[in-house]
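1. Okay, structure incoming, though there's no sequence with it:
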């Protein structure tokens, strides 16, 4: 069983910590509003051609501060916190003393809690009051006054309407559960040596991920995928060395190759568009970036039953690739900031009844362990510390 803490921040493309929702907190300025509704650009062009200037510091004066166009509906604030829980059912079977086969089946539960608000100066209201006043610009078209009225009266519900008009569900919290990606694997111990300098146990392992986890629908902005949406194959080498009984050093080298797969995405007509809509729905070919990671660890064997361990992991993931069928679309933007780097510290403890079971002192052969994983550095990855608890039974 694994559970994250409250996930609110991410390592961005500059390896700095920032809010998960930082890209979605912005001024509803004329430039951004025009990206929501392109027809507003005509209103913006009209106001820019009036020669007026706007001073927000004078917005309480009789002129409402209208001396230059600074069309705005204020500031859109969005906040979010995510939490993921995962339960794993794992079975491993020893074909021989050196070869084991196994699988694990994950069940995932993800909660995303969001909040949003509008704040700041409603300059569209100020501009509207001046334009429709007797001293305002004469000959202003009804389309301009109607456009100003729409913008000045924008509230959170109207912004939700802009989303639903593009085919999205209303922006809000989500709570979803489902099966994750199933993994099948094998491990072979090719070396088990006990020279005078210490004990060595070296193994290789192979794993295959089956894309059984559901991918979130494009219309759901706050849901999270339960899987990767494609097959992959992983190869690893694991080495353990015990110079003395009290200490075991371990290392792991891992590589995962991702195969091409498909998923439904909404693709922007132009990468500069604010967001895609349902007209861009397409079953896009994707190849997630290959992963490489290395681990170094130390286990302190306090007794035959109780151990304490720690490890450090370095992980790299290449950028993703996307291909589609439309000649008029640029799919490369979908891979922006998809390369990943993380460094994670692990600390844990474990209790095993196996020594006592083999001496017939305890009736059940089991192992209990608990671990804490803390991401310390990274790039393009959520800052999601998590803990695990594991019960292993031996038959």
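-> Sure, I can see it. Predicted, not measured: the structure shown is a model, and the values here were computed from it.
2. hey, let's count contacts and neighbours off CA atoms from now on
-> Fine.
3. how much space between residue 14 and residue 293?
-> 20 Å (Cα to Cα, to the nearest Å).
4. Give me the below-cutoff pLDDT ranges for the stretch 201-350 of the chain.
-> Residues of the stretch 201-350 of the chain meeting the criterion pLDDT under 70: none.
5. Residue 75 contacts residue 28, doesn't it?
-> Yes: applying Cα atoms under 8 Å, one finds residue 75 in contact with residue 28, separated by 5.6 Å.
6. Now do the contacts for residue 104.
-> 88-91, 182-184 (Cα atoms under 8 Å, 6 or more residues apart in numbering).
7. now swap in residue 5 and tell me
-> With contact taken as Cα under 8 Å, 6+ apart, residue 5 is in contact with 83, 384-386.
8. ditto for residue 1
-> Going by Cα under 8 Å, 6+ apart, residue 1 touches 85-88, 388-390.
9. give me that answer again for 10 Å
-> 85-89, 106-107, 370, 387-391 (Cα atoms under 10 Å, 6 or more residues apart in numbering).
10. shared neighbours of residue 75 and residue 28, which are they?
-> Joint contacts of residue 75 and residue 28 (Cα under 10 Å, 6+ apart) are 118-120, 122.
11. Which parts of the stretch 251-395 of the chain are strands?
-> Counting by DSSP state E, counting those that start in this stretch, the stretch 251-395 of the chain has strands at residues 261-266, 281-287, 291-301, 306-317, 321-323, 340-352, 366-379, 381-382, 386-393.
12. Name the residues of the longest one that are buried.
-> Within strand 366-379, the residues that qualify as buried by neighbour count (16 or more other Cα atoms under 10 Å) are 366-367, 369-375, 377-379.
13. Mind giving me the PyMOL command for buried ones among the contacts of residue 1?
-> Command for PyMOL that selects the buried part of the contacts of residue 1, burial taken from 16+ other Cα under 10 Å:
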select buried, resi 85+86+87+88+106+107+370+387+388
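14. which two of the contacts of residue 1 lie the greatest distance from each other?
-> Farthest-apart pair in the contacts of residue 1 is 107 and 370; separation 18.9 Å (Cα to Cα).
15. My read is that residue 381 contacts residue 339, right?
-> Yes: using Cα atoms under 10 Å, residue 381 makes contact with residue 339 at a distance of 9.0 Å.
16. so what's in contact with the two at the same time?
-> residue 13.
17. Could you check which of these two is surrounded by more residues?
-> Per other Cα atoms under 10 Å, whichever of residue 381 and residue 339 has more neighbours is residue 381, with 22 against 19.
18. check contacts around the more buried one.
-> Counted by Cα under 10 Å, 6+ apart, residue 381 has contacts 9-13, 15, 17, 20, 337-342, 375.
19. quick revisit: can I get the shared contacts of residue 75 and residue 28 in JSON lines including secondary structure?
-> Formatted as JSON lines, the shared contacts of residue 75 and residue 28 follow (DSSP: H, G, I helix; E, B strand; the rest coil):
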{"residue": "118", "secondary structure": "strand"}
{"residue": "119", "secondary structure": "strand"}
{"residue": "120", "secondary structure": "coil"}
{"residue": "122", "secondary structure": "coil"}
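20. Which one (most neighbours) among those?
-> Most neighbours among the shared contacts of residue 75 and residue 28, by other Cα under 10 Å: residue 122, with 22 neighbours.
21. shouldn't it be in contact with residue 76?
-> No: look at residue 122 against residue 76 with Cα under 10 Å: they stay out of range, at 11.7 Å.
22. what sits in contact with each of the two?
-> Residues touching both residue 122 and residue 76 (Cα under 10 Å, 6+ apart): residue 28.
23. In the helix or strand hosting residue 113, which residues are buried?
-> For residue 113, the host element (DSSP states H and E) is strand 99-119. Within strand 99-119, the residues scored as buried using 16+ other Cα under 10 Å are 99-101, 103-112, 114, 118.
24. With stretch 317-329 instead?
-> 317, 319-324.
25. now swap in stretch 224-243 and tell me
-> Under 16+ other Cα under 10 Å, the buried positions of stretch 224-243 are 224-242.
26. And stretch 251-270, by the same measure?
-> Counting neighbours by 16+ other Cα under 10 Å, the buried set in stretch 251-270 is 251-258, 261-269.
27. Could I get the full set of helices for the chain?
-> For the chain, the helices defined by DSSP state H cover 30-36, 40-48, 123-131, 142-152, 156-165, 354-358.
28. quick one: residue 255 and residue 236 touch, right?
-> Yes: Residue 255 is in contact with residue 236 according to Cα under 10 Å; the separation is 6.3 Å.
29. Check the contact lists of these two and give me the overlap.
-> Taking Cα under 10 Å, 6+ apart as the contact rule, the neighbours common to residue 255 and residue 236 are 206, 292-294.
30. what does stretch 209-216 contact?
-> 103-108, 176-185, 222-234, 256, 258, 261, 263-265.
31. could you redo the last one with a cut-off of 7 Å?
-> 179-184, 223-233 (Cα atoms under 7 Å, 6 or more residues apart in numbering).
32. do stretch 153-166 as well
-> For stretch 153-166, using Cα under 7 Å, 6+ apart, the contacting residues are 117-118, 170-171, 277-278.
33. Can you pull out the low-pLDDT segments for the stretch 51-200 of the chain?
-> Filtered on pLDDT under 70, the stretch 51-200 of the chain yields the residue ranges 51-73, 123-150.
34. can you rerun that using 90?
-> Scanning the stretch 51-200 of the chain for pLDDT under 90 picks out the ranges 51-78, 116-163, 194-198.
35. how close does the residue lying closest to residue 393 once chain neighbours are set aside sit to residue 240?
-> Leaving aside its chain neighbours, residue 393 sits nearest to residue 366 (4.5 Å; criterion: Cα to Cα, 6 or more residues apart in numbering). To residue 240, residue 366 is 22 Å away according to Cα to Cα.
36. give the contact list for residue 230.
-> By Cα under 7 Å, 6+ apart, residue 230 lies in contact with 211, 259-261.
37. any idea how far it lies from residue 15?
-> As judged by Cα to Cα, residue 230 and residue 15 stand 27 Å apart.
38. now swap in residue 189 and tell me
-> 38 Å.
39. Once you drop chain neighbours, what's closest to residue 102?
-> That would be residue 92: by Cα to Cα, 6+ apart, it lies 4.0 Å from residue 102.
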